[in-house]
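**Q** need a structure here:
(2 chains)
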Amino acid sequence: MSTLVQSEPSLQAGAAPGSARHLVDLAYRFREHGIVAVLALFVIATTAIQPRFLNSSNIKFTLLNATIFGFLALGQTVVIVSRNVDLSVGSILGLSAYLSSAYLADHPGTPIPLVFALGLAIGLVCGMVNGAVTALGRVPSLVVTIATLYIIRGVDTVIVGGREVVANSLPDSFLSLGTSTIAGIPVITIGSVVVIAAGAYFLRNFRSGRELYAIGSNPDAARLAGIAIGRRVFGAFAFSGAIAGLSGVMWAAYYGTIDSTAGTNYELQVVAACVVGGVAIFGGSGSAVGAAVGALLIATISQALYVLGISSFWEQAIYGLLLLVAISLDRAIALRLTSALRKRSYQQRAA
Amino acid sequence: MQSALRGVAPADSSPVLRLEHATKAFGAVQALVDGSIELWPGEVHGLVGENGAGKSTLVKMLAGVHQPDSGRLVLAGKDVTLPSPAAARDAGIAVIYQEPVLFADLTVAENVFMGRQPLRSGRRIDMRAMVKKVEELLGELGVRLDPGRIARGLSIADQQVVEITKALSLDARVIVMDEPTAALSAFEADRLFAVIETLRQRGTAILFISHRIEEILAICQRVTAMRDGRHVLTEPAGTMTPDDIVRAMVGRSLVQRDEGERPRPGSPVLSVERMTREGVFVDVSFEVRSGEIVALAGLVGAGRSEVARAIFGVDRYDAGSVVVEGARLRRGSPPAAMAAGIGYVPEDRRQQGLVIEMATSTNIALASLGELRRFGFVRRAAERRFATDWSARLQVKYSRIGHPVSTLSGGNQQKVVLAKWLARKPRLLIVDEPTRGIDIATKNEVHRLLLELADEGVAVLMISSELPEVLRIADRILVMREGRLVKSLPSAEADEETVMAAATGQLAASGS
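**A** Below is the predicted model:
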């Protein structure tokens, strides 16, 4: 029997700490920084062909386009890391955009923060419905939010009918939010960046944020660790809804003309921005900053196509291609990483 | 083992946990009739019993997953109920499962402290304190592991270390380990035993569940055996022989192999020549003859399963050849391997061997659909007859053959995988860890089945990390180390020491 209990087994576990960590860090850094490199390359290449690309109005346009998607991507990231998805954000944006701007058109004296609060409240309610059905009813969020995508859009269409809110019925102070800039950067972009930064900080540094990653990484383990999964998932959807509601107000300020089609098909572009920005589609990893950069990349491509005079019909095909490349790359890196980590453990053991 | 009672506390102390006459029924099935166990601080307590003996139910009671229908649980002198896993955790009970459930995307430190991270001002997580604390705990266990690395890619042994670290961070008074060594190499198991000894000296009570009786006798102070949902006996480990334990578990002792009756092996069925897969295994050559059981022994990670996968065509190899009955086998093609008469029972039956949500009957027929087909459609009735026939031959126990195979016990699932391949009447059967995690009675049946197959002239290539199993049924033992075949031994000349010495690269056997 004594063969089984050696007196001095060597107690080295796993890979040499330094090397494994280095490898993992590198891969994760590549995920986030790789996209920055792609973005830079893209800007340089486009500018080389058409120097006009880097003028201030193009930059402003690109940033404004990226802002709404980047902002929506914050909410989506919070949902996706918990191994869920929220496809109703486009519809929520549409509903909030119409209701908040119509209210403002009817009550021109309303303070603007109150308009944002109204949009937020509308989004929050929609998000809470998503969260409640997903968390309490244990229905896959893909199904729930496809359903609410149609329901909310339907409600929106019924409310709006054939009407629309037009720009000249809205106060200038509201519309200027979408156009005014500070140091060449649009005001709503600055606001969004602040909120995205706060959201990213929350996801990194607070228990409830980390618990979302834990749930997405391994729901069974999360349950065993005593995490209140239902409450966290509910919170994620409520947050995503609130963000979509706020985006609706931004959208209204930016475009000025709001009918019942506002935000149609936004959901897939937002998910695409997240995935391109390194958020793992099956949860567990990724950051809000990465997702925002993903949104910026997509907006940049869209603007570049316009500047280069390429038909916008290509746009969708290019988004799709980008998504495919991002997912394949992510998968390849993950597989490589896993096998490299294994090999290191193996070599360590052999040594 | 004179020190068997060492560590069991003296009379002035009291047991930290006592479960008395607990019962539990699931519907009509009485899973636990009389579950009783008593754990003392500083004691490693072995729990043995066949699958279905009620061990898992008992463990899940201690884990707060199930609640007893009757009976009492006393923790540190007080009656308690554990309505949830969180309640068990708060009561100081930690459970380490065979395959730990970690957050693959998060760091080791986050895995340890998830949900309980140390905080600094503003309720923010204090990352630095968290990493430092985990470093300290790993140091106490004497294990080197980087708290900052993500859990993805950790070996199962290291994953268990993470779970044990978590238990330590919770100041667990009781640690339950449910078959922790089932997936470990001998080396890793030794490391775990050293950690268990450290825990024991700190005064932790450890409930250690294993199918490996040698281990139980080596590291436990006392042993409790269960059978049919009942407590059978609790004795000091030092007073028991392996045979005593087996008899307590199954009510009978193991069948011993009849050395004399084995026929001489026939002509070679499989010849592997100088097969190499870069970075995985190098220059592997061996033969398996008809009627012969050849075992590939070695540590986990030595490249044994990879050799099997390459032979069957799941993975490609870079150089060398595989010849089956004189004909060279195309590489990288499982269909070609199947056509050549090879059957392959993979290591991970749930992931690779079974379509877990499909019916038992479908699973059994899955590799034989060719002969059950008419005009391209599988005849369901024929499939059912076929499956019923084969499950009767292998004595698969199921409630309905049309129910998903996931409803069967581990041992019966393994029989289903075996039936699937036996139904094809293979010339060569490759089995990878055929008895991992299954109870002794089923293990015996699997062994007898493999021996019968060999008697019928089938060549069997078996990979097993359990040396007693290898020594018991193999005719020849090939030992792999670090991707190379380092030794070939007829079983008559092999014993645990020589095989382990070859597998670990030591000249003499360790620890005498």
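**Q** CA only for contacts and neighbour counts going forward, please
**A** Will do.
**Q** Test my guess that residue B:280 contacts residue B:483.
**A** Yes. Applying CA atoms under 8 Å, one finds residue B:280 in contact with residue B:483, separated by 5.8 Å.
**Q** the more surrounded of those two?
**A** Counted by other CA atoms under 10 Å in any protein chain shown, residue B:280 and residue B:483 do not tie: residue B:483 has more neighbours, with 22 against 18.
**Q** My guess is the more buried one contacts residue B:298. True?
**A** No. Between residue B:483 and residue B:298 no contact is recorded; they are 9.8 Å apart, counting by CA under 8 Å.
**Q** about what we covered before: joint contacts of residue B:280 and residue B:483?
**A** residue B:303 (CA atoms under 8 Å, 6 or more residues apart in numbering or on different chains).
**Q** shared neighbours of residue B:483 and residue B:298, which are they?
**A** In contact with both residue B:483 and residue B:298: residue B:304, using CA under 8 Å, 6+ apart.
**Q** quick one: stretch B:104-114 to chain centroid distance?
**A** Computed by CA atoms, centre = their mean, to the nearest Å, the separation of stretch B:104-114 from the middle of its chain amounts to 25 Å.
**Q** and it, anywhere near chain A?
**A** Yes. Residues of stretch B:104-114 contacting chain A under CA under 8 Å from any CA of the partner chain: B:104-106, B:114.
**Q** For that stretch, list every residue counted as buried.
**A** Neighbour counts using 16 or more other CA atoms under 10 Å in any protein chain shown place B:104-114 of stretch B:104-114 among the buried residues.
**Q** So which bits of the host helix or strand of residue B:234 are buried?
**A** Following DSSP states H and E, one finds residue B:234 within strand B:230-236. Neighbour-count burial for strand B:230-236, counted by 16+ other CA under 10 Å, picks out B:230-232, B:234, B:236.
**Q** Any part of that strand near chain A?
**A** No. If you take CA under 8 Å from any CA as the test, strand B:230-236 misses chain A, and the best it gets is 15.4 Å.
**Q** Who are the packing partners of that strand?
**A** strand B:29-39, strand B:222-227, helix B:242-250 (3 or more CA pairs under 8 Å, 6 or more residues apart in numbering or on different chains; DSSP states H and E).
**Q** circling back to that earlier point, could you dump the buried residues of stretch B:104-114 into a markdown table with secondary structure and pLDDT added?
**A** Below are those laid out as a markdown table (DSSP: H, G, I helix; E, B strand; the rest coil; pLDDT from 0 to 100):
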| residue | secondary structure | pLDDT |
| --- | --- | --- |
| B:104 | coil | 89 |
| B:105 | coil | 89 |
| B:106 | coil | 93 |
| B:107 | strand | 92 |
| B:108 | helix | 94 |
| B:109 | helix | 95 |
| B:110 | helix | 95 |
| B:111 | helix | 94 |
| B:112 | helix | 94 |
| B:113 | helix | 94 |
| B:114 | coil | 91 |
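**Q** Closest one of these to residue B:42?
**A** Nearest to residue B:42 among those, counting by CA to CA, is residue B:112 at 23.1 Å.
**Q** so what's residue B:343 up against?
**A** With contact set as CA under 8 Å, 6+ apart, residue B:343 has these partners: B:337, B:421-422, B:424, B:426-430.
**Q** Sorry, slip of the keys, the one I care about is residue B:210.
**A** Residues near residue B:210 by CA under 8 Å, 6+ apart: B:46-48, B:178-182, B:216.
**Q** let's see it at 7 Å
**A** Residue B:210 sits next to B:47-48, B:179, B:216 when contact means CA atoms under 7 Å, 6 or more residues apart in numbering or on different chains.
**Q** Same question for residue B:17.
**A** Shown in contact with residue B:17 (CA under 7 Å, 6+ apart): B:38-39, B:74-76.
**Q** where does the residue lying closest to it once chain neighbours are set aside fall, phi/psi-wise?
**A** Leaving aside its sequence neighbours, residue B:17 sits nearest to residue B:75 (CA to CA, 6 or more residues apart in numbering or on different chains; 4.6 Å). In terms of degrees, to the nearest 10, the main-chain angles of residue B:75 are phi -120, psi 120.
**Q** Just among the contacts of residue B:210, which is most surrounded?
**A** Most neighbours among the contacts of residue B:210, by other CA under 10 Å: residue B:48, with 27 neighbours.
**Q** wait, isn't that one in contact with residue B:222?
**A** No. Assessed by CA atoms under 7 Å, residue B:48 is found out of contact with residue B:222, at 11.0 Å.
**Q** what's the distance between the most centrally placed residue in chain A and residue A:243?
**A** Among the residues of chain A, the one closest to the centroid is residue A:73, at 1.7 Å (CA atoms, centre = their mean). Distance, residue A:73 to residue A:243, by CA to CA, to the nearest Å: 9 Å.
**Q** next one: residue B:74
**A** 50 Å.
**Q** Those two: which has the busier surroundings?
**A** residue A:243 (28 against 16).
**Q** give me the element the residue nearest to residue A:297 when sequence neighbours are not counted is part of.
**A** Among residues not flanking residue A:297 along the chain, residue A:39 sits closest, at 5.7 Å (CA to CA, 6+ apart). Using DSSP H and E, residue A:39 falls within helix A:17-49.
**Q** Past that helix, which element shows up next along the chain?
**A** helix A:56-80.
**Q** so the very next helix or strand once past that following helix versus helix A:56-80, what angle?
**A** Moving toward the C-terminus from helix A:56-80, the first helix or strand encountered (DSSP H and E) is helix A:89-106. Counting by axes from the mean of the first three to the mean of the last three CA atoms, to 10 degrees, helix A:89-106 points 120 degrees away from the direction of helix A:56-80.
**Q** Who are the packing partners of helix A:89-106?
**A** With contacts taken as 3 or more CA pairs under 7 Å, 6 or more residues apart in numbering or on different chains; DSSP states H and E, helix A:89-106 sits against helix A:112-137, helix A:141-160, helix A:229-255, helix A:266-276.
**Q** quick one, that helix and helix A:141-160 angle?
**A** 30 degrees.
**Q** Now do the helices in the stretch 251-400 of chain B.
**A** For the stretch 251-400 of chain B, the helices defined by DSSP state H, counting those that start in this stretch cover B:304-312, B:334-339, B:360-365, B:380-394.
**Q** Tell me which of the ones you listed sits most buried.
**A** helix B:360-365 (a mean of 27; mean count of other CA atoms under 10 Å in any protein chain shown).
**Q** Let me see the mean pLDDT of that one.
**A** The average pLDDT within helix B:360-365 is 88.
**Q** what do you get for stretch B:42-49?
**A** 92.
**Q** Equivalent analysis for stretch A:256-276, please.
**A** Across stretch A:256-276, pLDDT averages out at 92.
**Q** same question, stretch A:209-216
**A** Rounded mean pLDDT across stretch A:209-216 is 96.
**Q** Might you list the low-confidence residue ranges for chain A?
**A** Scanning chain A with the threshold set as pLDDT under 70 gives A:1-32, A:334, A:338-351.
**Q** Please save the CA atoms from the helix or strand containing residue B:166 in PDB.
**A** Assigned by DSSP H and E, residue B:166 belongs to helix B:156-169. What follows is helix B:156-169, C-alpha atoms only, in PDB (Å, rounded to 0.1, in the frame of the first residue of the first chain):
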ATOM      1  CA  ILE B 156      -8.500  17.900 -14.000                       C
ATOM      2  CA  ALA B 157      -6.000  17.500 -11.100                       C
ATOM      3  CA  ASP B 158      -5.400  21.200 -11.100                       C
ATOM      4  CA  GLN B 159      -9.100  21.900 -11.300                       C
ATOM      5  CA  GLN B 160      -9.500  19.900  -8.200                       C
ATOM      6  CA  VAL B 161      -6.800  21.900  -6.500                       C
ATOM      7  CA  VAL B 162      -8.800  25.000  -7.400                       C
ATOM      8  CA  GLU B 163     -11.900  23.500  -5.700                       C
ATOM      9  CA  ILE B 164      -9.900  22.500  -2.700                       C
ATOM     10  CA  THR B 165      -8.500  26.000  -2.400                       C
ATOM     11  CA  LYS B 166     -12.100  27.200  -2.500                       C
ATOM     12  CA  ALA B 167     -13.000  24.900   0.300                       C
ATOM     13  CA  LEU B 168     -10.000  26.200   2.300                       C
ATOM     14  CA  SER B 169     -11.000  29.800   1.700                       C
END
